[in-house]
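Colleague: prediction below, plus the sequence it came from.
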Amino acid sequence: QVQLVESGGGLVQAGGSLRLSCAASGRTFGIYTMAWFRQAPGKEREFVTSISWNGISTLYADSAKGRFTISRDDVKNMVFLQMNGLQPEDTAVYYCAAVRGGSGRDVSNYDSWGQGTQVTVSS
């Protein structure tokens, strides 16, 4: 497992942008699939996007396609989520997640989680 720490959340108006960052510990970061999930109050945690260990393959939830972009920097052991065109329904706590040798959209596929960062979008 890796230790994950998210940052970059905040309050933004509808239509605005935010860039979330996730810093990972460990020398084997480059072999982990990384993902972002989010959880709104009263709702289950849901998949947003993921990126493969080599950065070649990405997956996006329908709600994120065309607005959000995931990327990774294996030199800095970091993964990023660029969010554009934010809407009030994007308000949630955003979590960074990792798994070695795995992938997918299910929460159960990932075994390392950060503490989350709050994103609030005002209308």
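Modeller: It's in. Residues are numbered from 1 along each chain as shown.

Colleague: and stretch 61-80, how far out from the chain middle?
Modeller: 7 Å (C-alpha atoms, centre = their mean, to the nearest Å).

Colleague: what residues does it touch?
Modeller: With C-beta atoms under 8 Å, 6 or more residues apart in numbering as the test, stretch 61-80 has contacts from 19-26, 29-30, 34-36, 46-51, 55, 58, 60, 81-86, 89-90, 96, 105. In this view, the C-beta of every residue, glycine as well, is placed from N, C-alpha and C.

Colleague: buried residues in it?
Modeller: In terms of neighbour count (16 or more other C-beta atoms under 10 Å), stretch 61-80 has its buried residues at Ala61, Ser63, Ala64, Phe68, Thr69, Ile70, Arg72, Asn77, Met78, Val79, Phe80.

Colleague: ditto for stretch 84-94
Modeller: So, applying 16+ other C-beta under 10 Å, buried residues of stretch 84-94: Leu86, Asp90, Thr91, Ala92, Val93, Tyr94.

Colleague: closest to Leu4 out of those residues?
Modeller: Ranked by distance to Leu4 (C-beta to C-beta), the buried residues of stretch 84-94 are led by Tyr94 at 11.7 Å.

Colleague: how about the nearest residue to the closest one, chain neighbours excluded?
Modeller: Arg38 (4.8 Å; C-beta to C-beta, 6 or more residues apart in numbering).

Colleague: quick check: phi and psi at that neighbour.
Modeller: phi -140, psi 150 (degrees, to the nearest 10).

Colleague: burial measure for it, as a count.
Modeller: 24 (other C-beta atoms under 10 Å).

Colleague: wait, it touches Ala92, no?
Modeller: Yes. Shown here, Arg38 and Ala92 form a contact pair, counting by C-beta atoms under 8 Å, at 3.8 Å.
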